[in-house]
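# pasting the structure only:
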């Protein structure tokens, strides 16, 4: 346990927030460790089976909602956020409406944020240590069972919207979160209040109906889950609704009125790579495994693996407007070594044949 003789904790808290901004974080706040209400909600969510195949959500007992069990001695959590919105965000809707292009969630267009943010949090800890001496801490960026949105809310960094994403009044929701658990008894910030009101745009726009109620997400229907977390076949009844989204989904954030306040990132590493903010599906489908691994090095997209990448793109090609080039691309993998890929390619080819016969557009169902 850290002793705090002659340390002005209120001053230190202000300094920590200033240092965080100097290190590239857009904001920082401090919370306590009481997450009892959120623990009840988490258990209810798990009991409903909304976590799907994400078995890791059920591990670690209560550590996810009890920070001082995850790191004994924790008294406070310093939460930070870092903006990731790339320039030209307005293009997102144009890409979604063009069935020949691939839509990648905007957070995943550049470098994977985990190592970058963890490094910055370690730098923040070193600055604190230089000012007061050794203290207990541990940095987390999706690297342990942490209820990061609840902690960030309690630290005043925003409220959890109806789509379950954290919303900041001055910064929207296009940002990453990270935490520094500490044994310092710092003064805590006032939790953020909710400001969604009667708005339900995020719920209404969800392509697969994954937001089953305010603040209730059935991950099994969420496109982010289907394209990233799910390792097996994508349920057929959800494929058409996926449109051209091959890695994640942003619809609920794109439609959110609060994102008119979102800030463009100043971090060069988050800039789009390989033109993935609007690449052609047929071109991405042609990537070999070596090309996939080389081009996605250091990126979150690599989480799908090449097999998952091809599976996702096959669905998007099936949803694309009928085109001989699309059919040709699908035929190149009709005998792929992966049964998973073959199954989705067969579905996509059948979908293309159906569109040829009916003359309907894949995304809008309007006559060509």
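Yep, it's here. Remember, predicted model here, so these are calculated numbers, not experimental data. Residues are numbered from 1 along each chain as shown.
# Grab the most central residue of this protein for me.
The centroid of the chain falls nearest to residue 107 when counting by C-alpha atoms, centre = their mean (6.7 Å).
# my guess is that one is in a helix, correct?
Yes. Checked against DSSP: H, G, I helix; E, B strand; the rest coil, residue 107 lies within a helix.
# Please name the nearest non-neighbouring residue to it.
Distance criterion C-beta to C-beta, 6 or more residues apart in numbering; nearest residue to residue 107, sequence neighbours excluded, is residue 84 at 5.2 Å. Yep, even glycine has a C-beta here, placed from its N, CA and C like the rest.
# could you list every residue that touches residue 314?
Counting by C-beta atoms under 8 Å, 6 or more residues apart in numbering, residue 314 touches 285, 330, 333, 341, 344-345, 347-348.
# Would you check which pair of those lies furthest apart?
Farthest apart among these by C-beta to C-beta are 285 and 347. That separation is 14.3 Å.
# In terms of neighbours, single out the busier of those two.
residue 285 (23 against 18; other C-beta atoms under 10 Å).
# ok, the more buried one to residue 148 distance?
Separation of residue 285 from residue 148 (C-beta to C-beta, to the nearest Å): 34 Å.
# coming back round to it: isn't the residue nearest to residue 107 up against residue 111?
No. With contact defined as C-beta atoms under 8 Å, residue 84 does not count as touching residue 111 (10.0 Å).
# shared neighbours, these two?
Shared contacts of residue 84 and residue 111, defined by C-beta under 8 Å, 6+ apart, comprise residue 270.
# of the two, who's got more company?
Between residue 84 and residue 111, residue 84 has the larger neighbour count (other C-beta under 10 Å), namely 23 against 19.
# OK, contacts around residue 336?
Residue 336 is in contact with 310, 342, 345, counting by C-beta under 8 Å, 6+ apart.
# One more pass at 6 Å, please.
Contacts for residue 336 (C-beta atoms under 6 Å, 6 or more residues apart in numbering) come out as residue 342.
# repeat for residue 101
Applying C-beta under 6 Å, 6+ apart, we find residue 101 in contact with 95, 278.
# let's number from 442 now, not from 1
Okay, residue one is now 442; in that scheme the one you just asked about reads as residue 542.
# For it, give its distance to residue 448.
According to C-beta to C-beta, residue 542 stands 55 Å off from residue 448.
# Same check on residue 620?
Between residue 620 and residue 448 the distance, using C-beta to C-beta, works out to 22 Å.
# And residue 655, by the same measure?
Residue 655 is 42 Å from residue 448, where distance means C-beta to C-beta.
# same question, residue 516
From residue 516 over to residue 448 the distance is 14 Å, taken as C-beta to C-beta.
# what's the answer for residue 779, then?
The span separating residue 779 from residue 448 equals 58 Å under the rule C-beta to C-beta.
# now do residue 537
As judged by C-beta to C-beta, residue 537 and residue 448 stand 51 Å apart.
# With residue 484 instead?
To residue 448, residue 484 is 38 Å away according to C-beta to C-beta.
# When the two are compared, which one has more neighbours?
residue 448 (17 against 13).
# Quick check: chain neighbours aside, which residue is closest to the more buried one?
Leaving out its chain neighbours, the residue that sits closest to residue 448 by C-beta to C-beta, 6+ apart is residue 573, at 5.7 Å.
# hang on, residue 603 packs against residue 654?
No. Using C-beta atoms under 6 Å, residue 603 is not in contact with residue 654; the gap is 8.3 Å.
# Of the two, which one has the most company?
Legend: neighbour count by other C-beta under 10 Å for residue 603 and residue 654, higher for residue 603 (22 against 10).
# Is it correct that that one falls within a helix?
No. Assigned with three-state DSSP, residue 603 falls outside any helix and is coil.
# What is the burial count for the nearest residue to residue 493 once chain neighbours are set aside?
Nearest-residue entry for residue 493: residue 661, 4.1 Å, with adjacent residues in sequence omitted and distances by C-beta to C-beta, 6+ apart. Residues lying near residue 661 (other C-beta under 10 Å) number 19.
# From residue 448, how far off is residue 661?
On the measure of C-beta to C-beta, residue 661 and residue 448 end up 48 Å apart.
# Kindly report the same for residue 649.
Distance of residue 649 to residue 448, computed by C-beta to C-beta: 51 Å.
# so how far is stretch 564-584 off the chain centroid?
25 Å (C-alpha atoms, centre = their mean, to the nearest Å).
# Show me what the mean pLDDT comes to for that stretch.
Mean pLDDT, stretch 564-584: 96.
# buried set for that stretch?
For stretch 564-584, the neighbour count (16 or more other C-beta atoms under 10 Å) marks 565-566, 568-569, 573, 576, 578-582 as buried.
# Same check on stretch 467-482?
Buried positions in stretch 467-482, judged by neighbour count with 16+ other C-beta under 10 Å: 467-474, 476, 479-480, 482.
# Next, format those as TSV and append pLDDT.
TSV is the format used below for these (pLDDT from 0 to 100):
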residue	pLDDT
467	96
468	97
469	98
470	98
471	98
472	98
473	98
474	98
476	98
479	97
480	97
482	96
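# Okay, and which of the residues you listed map to helices?
Counting by DSSP state H, these place 479-480, 482 in helices.
# Now do the spatially closest residue to residue 497 that is not a sequence neighbour against residue 792, distance only.
Excluding its sequence neighbours, the residue lying closest to residue 497 (C-beta to C-beta, 6+ apart) is residue 586, at 7.8 Å. Counting by C-beta to C-beta, the separation of residue 586 from residue 792 is 39 Å.
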